[in-house]
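Asks: Got a predicted structure plus its sequence, pasted below:
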Amino acid sequence: MRYVRGMTTTTSPADSAGIYVLAAHPHWRDSRVNRQLLAAARAVPGVEVNDLYGSYPDFSIDVEAEQARLAKASLVVLLHPIQWYSAPPLQKLWFDDVLSYGWAYGRGGTALQGKDCWLVATTGGPEASYHPQSYNRYFFDAFLPPYEQTAALCGMRFLPPLLFHGARSASDAEVAAHVDIFAQRLGSYPQWPELEELDVCVACPVPETDRPAESDDLDKAASAAFYSATARGLASMSAANEENNNSEKGAA
Amino acid sequence: MEHAPAWLTSSLIYLGAAVLVVPLSKALGLGSIIGYLVAGIAIGPWGLGLVSSVEEVLHFAEFGVVLMLFLVGLELEPKRLWNLRRPIFGWGTAQVLSCAAVLFAVGWAAGAEWRVALVAALGLALSSTAIALQVFGERNLLRTPSGQAGFSILLFQDVAAIPILALLPLLAGATAAEQSLSGLDRTLEGLKIVGVIAGIILGGRLALRPLLRWIARSETPEIFTATALLLVVAIAALMQFVGLSMALGAFLAGVLLAESEYRRELETDIEPFKGLLLGLFFIAVGMSINFGVLIASPWLMAMLVVGFMAVKLAVIYALAKAMGLAYQERPVFTLLLAQGGEFAFVVFQAAGPDVLPPEITSLLIGAVALSMLLSPLLLVLLDKFVLPRYSRGNGGPQLEEISEQQDAKVLICGFGRYGQIVGRMLMSQGLRVTVLDHDADTVEGLRQFGFRVFYGDATRLDLLRTAGAGTAKAIVVAVDDIEQSLEIVDLVKEHFPQARIIARARNVNHLFQLRDRGVTEVEREVFESSLRSARSALEALGWPAHEARETALRFRRRNILLSDEMYPHYKDRAKLIAASKAGRQQFQEQMAREREERQRRSGRGWDGLGDEEHRVKEEADA
């Protein structure tokens, strides 16, 4: 049995800004920059930090708990290294599982409306490599639309990302300066100068014809509720049962 | 047939009779023991008269009982034997003494001479270890309270036979004093016995295992088999020499080897010999039934058989009640102990004409042999008429065997800790699952929790069929007994090939045995959970959870690969160890290379955590 250890919160009731940092790194021990960013986030009062790979090493995400944390936050921070021009796989799975239809988007899916989403990412390649003339062939902006649109469909504002290129080759001083900026930003949210100039989130109305049929949804929701109830019932039954069963016909 | 050597002719007769009659008897639902007995009667002096040297065969075949006790001993570690000391000496004494006392009283009251009554009572109080253990084993009852109690009592009888045999010369001495031993002789005799038993225990502890190891290393399987047989023969001879029960000595040797790594090998080597010799023993018992006496005085014989069995049934049933055995288990227990036993033959023959006149001896031996023929028949009747009524009794636990045809797509055999997890997970998905378990307590307990669990022995083909094995897509074999697991797998492979077998393996050897049978979906029962704990240990050292998982998964893959490589050698211990060592070393080297590679790439220390890492952790803990 595992107990979630990746979660850390330093609560201070006075600060109600509600920041939820999702930190995703498959190999923290190989990390240079993200690890320091993680430590910095944990040191800021009132910030809830979840080390996704620590919390869900088996890729089995507790969707209800994640949604509850999101509901409390007004800023969701995505902290991770860019891998193959995208988020690490567990962060992607988190999007798939947690941002569910009817909750984060779609009919009745308004849980995240009006919240902010902030990408804090590092790349291994230096900034210059993200150029049409270099080996990454695109400016880094070209890889951002999936993030931006994920936020937009959920009704979230996508804040200007905080990027750090060349994480392997940067000097210790550069890394330290970057970490400081990050910590300072977390501490001062939502009093950021650039937020004034940012538009409210663009609305993304989806035509009814693009929606799955309603009866299907109801069925799905109903059967999901049924299964989770059954599972819970069986689980509680089994707990009692296991106690009874300790001496199971063992000794041969 | 003059030119055919005697051993060839007799092998032909015995094997032919057994092969013809035993399957027939099984097909008729009478069980194998009755088959052997009938085969014996058929070829014996009162049947076709093909064999006349009954005594000789009986003596030779008694070795089957010796081998059986050796095997029983192998299953019983010294610690468990020690735990059984109370049932053995308490219930054992109670059974032998109370049965003998009542039988003696009845015999005496019926007008027999007191010494005849006493010897007859003592002999008839004993039961047939061969039949009883065979039946307990066939019905998977050995682990139930009644099986344990029965076994304990039978074991005590083997011990009790020694003083009984020692008593005979004394009784004879009451008329003819010439046979009594002097006190010095007696002391010497006693010392010899103590010496031999101590020798067996010491030798078994200190010498046997190194010897077996040395022989196993010689890599000649037939010599290992020969050693196993030699071991039992030698101990039997030794016990014979000091006048103790051969079976008891073999049992002792078995117990001493129960903890050794060669237990399984010894078992598989001895098993076929035991089966054949035990069969021969039953044949010999069949042959020794003296129909002459039966024909001469049928009523006396009938009275004797019915009388002594009735007395024993009554006494043992009362005993079973006093022992607190479940009422469903009492009939079989009582019947198995109520029949006469092979030791009675020895006692009656050893008594000699001074104590027992020859005509009484053959009458008594006939009665015992008849009871051994009768009790398997009575058992069949019991199964047909009495036991079903018990399970239908109102108020009592609803433990009828599965009887309605089931058709769920998944059948789970064995619903202990393992099967339950499998079953509950499938049920949580709204799937219908048929569950079969043969432990009455488990079944009752689970039913209280609302599970639909059927009571039944999954090693029985008819019950498997009723449970829907014929239409199941998957059969989960989750029983905790290796033998039973393999039995079920064999049955399913042969009769229900459409079902995919998903098996729980108790250990690597079991895993390989399952692979021998072509089962591919096998899980070693504690493998995955042990990996989980290894992950937790890494995390305790500060490893990030996900990296601990990756490492565990990689170790897991590697370990499974290694067991694949070891599989072809699993019957050969030396090669197995070599393959395992080589595989482990290869894996360690590979992991070391990968650590170096990562260290080179990330430019930081890998073993243990750097200072930085510690800081992160400490901050996290704050």
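Replies: It's in. Numbers count the residues shown, from 1 in each chain, chains lettered A, B, ... in the order given.
Asks: alpha carbons only for contacts and neighbour counts from here, please
Replies: Fine.
Asks: Show the backbone phi and psi for A:Asn136.
Replies: Main-chain dihedrals, A:Asn136, degrees, to the nearest 10: phi -90, psi -10.
Asks: right, and it touches A:Ala128 too?
Replies: No: with contact defined as CA atoms under 8 Å, A:Asn136 does not count as touching A:Ala128 (9.0 Å).
Asks: what about B:Gly29, how many neighbours?
Replies: Other residues near B:Gly29 come to 11 when the count uses other CA atoms under 10 Å in any protein chain shown.
Asks: In contact with the residue in the stretch 51-200 of chain A that chain B sits nearest to: list those residues for me.
Replies: Per CA to the nearest CA, A:Pro57 is where the stretch 51-200 of chain A lies closest to chain B, at 4.4 Å. Shown in contact with A:Pro57 (CA atoms under 8 Å, 6 or more residues apart in numbering or on different chains): B:545-546, B:549.
Asks: Torsion angles phi and psi at the nearest residue to B:Ala499 once chain neighbours are set aside?
Replies: Leaving out its chain neighbours, the residue that sits closest to B:Ala499 by CA to CA, 6 or more residues apart in numbering or on different chains is B:Lys473, at 4.6 Å. Backbone torsions for B:Lys473, taken as degrees, to the nearest 10, come to phi -90, psi -30.
Asks: Can you give me the distance of B:Lys473 to B:Gln513?
Replies: B:Lys473 sits 22 Å away from B:Gln513, going by CA to CA, to the nearest Å.
Asks: Kindly provide the distance from the residue nearest to B:Ala499 to B:Lys409.
Replies: Counting by CA to CA, the gap from B:Lys473 to B:Lys409 is 5 Å.
Asks: and if you look at B:Glu523?
Replies: With CA to CA as the criterion, B:Glu523 and B:Lys409 are 21 Å apart.
Asks: Can you read off the backbone torsions of the residue of the stretch 201-350 of chain B found nearest chain A?
Replies: When scored by CA to the nearest CA, the stretch 201-350 of chain B has B:Ala258 as its residue closest to chain A, at 11.5 Å. In terms of degrees, to the nearest 10, the main-chain angles of B:Ala258 are phi -60, psi -30.
Asks: For the stretch 51-200 of chain B, just list every one of the helices.
Replies: Assigned by DSSP state H, counting those that start in this stretch, the helices in the stretch 51-200 of chain B fall at B:54-74, B:78-83, B:85-86, B:92-109, B:114-125, B:129-138, B:145-175, B:183-206.
Asks: what about the chain, any weak spots by pLDDT?
Replies: In the absence of a named chain, this looks at chain A. By pLDDT under 70, the low-scoring segments of chain A are A:1-17, A:202, A:211-252.
Asks: um, chain B though
Replies: Scanning chain B for pLDDT under 70 picks out B:1-3, B:173-184, B:186, B:387-400, B:602-622.
Asks: And the residue of it that's closest to chain A?
Replies: Residue nearest to chain A within chain B (CA to the nearest CA): B:His546, separated by 4.4 Å.
Asks: How many residues are close by the residue nearest to B:Ala499?
Replies: Neighbours of B:Lys473 (other CA under 10 Å): 17.
Asks: pretty sure it is touching B:Gln498, no?
Replies: Yes: with contact defined as CA under 8 Å, B:Lys473 reaches B:Gln498; the gap is 6.8 Å.
Asks: For the stretch 51-200 of chain B, list the residues in contact with chain A, please.
Replies: Taking CA under 8 Å from any CA of the partner chain as the contact definition, the stretch 51-200 of chain B meets chain A at B:Glu75.
Asks: mind listing the helices for the stretch 251-400 of chain B?
Replies: Counting by DSSP H, counting those that start in this stretch, the stretch 251-400 of chain B has helices at residues B:263-288, B:291-296, B:298-323, B:330-338, B:342-355, B:358-381, B:387-392.
Asks: after the helix or strand hosting B:Glu550, next one along is what?
Replies: Assigned by DSSP states H and E, B:Glu550 belongs to helix B:545-566. As assigned by DSSP H and E, the chain's next helix or strand after helix B:545-566 is helix B:573-602.
Asks: That following helix: which residues count as buried?
Replies: With burial defined by 16 or more other CA atoms under 10 Å in any protein chain shown, the residues of helix B:573-602 counted as buried are B:576, B:579-580, B:583, B:587.
Asks: need the helices of the stretch 251-400 of chain B in TSV with distance to B:Gly419 and mean neighbour count, can you?
Replies: Formatted as TSV, the helices of the stretch 251-400 of chain B follow (distance: least, CA to CA, whole Å; neighbours: other CA atoms under 10 Å in any protein chain shown):
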stretch	distance to B:Gly419	mean neighbour count
helix B:263-288	25	22
helix B:291-296	53	15
helix B:298-323	32	18
helix B:330-338	29	23
helix B:342-355	42	20
helix B:358-381	32	21
helix B:387-392	25	15
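Asks: Return the distance of the helix or strand B:Leu12 falls within from the chain's centre.
Replies: According to DSSP H and E, B:Leu12 maps onto helix B:6-27. Remark: helix B:6-27 is offset 25 Å from the chain centroid, using CA atoms, centre = their mean, to the nearest Å.
Asks: Next, the buried residues of it.
Replies: B:13-14, B:17-18, B:21-23, B:25.
Asks: Same list (those residues) but as CSV, adding distance to chain A.
Replies: As requested, these are arranged in CSV below (distance: CA to the nearest CA, whole Å):
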residue, distance to chain A
B:Ile13, 39
B:Tyr14, 35
B:Ala17, 36
B:Ala18, 32
B:Val21, 34
B:Val22, 30
B:Pro23, 31
B:Ser25, 31
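Asks: what's across from B:Ala503 in the sheet?
Replies: Assessed by DSSP bridges, B:Ala503 has beta-bridge partners B:Val477, B:Val522.
Asks: so who does it touch?
Replies: B:476-478, B:514, B:519, B:521-523.
Asks: A:Phe164 now?
Replies: By CA under 8 Å, 6+ apart, A:Phe164 lies in contact with A:121-123, A:178.
Asks: what about 10 Å?
Replies: A:Phe164 sits next to A:33-34, A:81, A:120-127, A:170, A:174-175, A:178-179 when contact means CA atoms under 10 Å, 6 or more residues apart in numbering or on different chains.
Asks: Just name the most buried of the helices of the stretch 51-200 of chain B.
Replies: helix B:114-125 (a mean of 24; mean count of other CA atoms under 10 Å in any protein chain shown).
Asks: shouldn't B:Gly419 be in contact with B:Leu446?
Replies: No: in this structure B:Gly419 lies outside contact range of B:Leu446 using CA atoms under 10 Å: 12.0 Å.
Asks: circling back: which of the contacts of A:Phe164 are buried?
Replies: Using 16+ other CA under 10 Å, the buried ones in the contacts of A:Phe164 are A:33-34, A:81, A:120-126, A:175, A:178-179.
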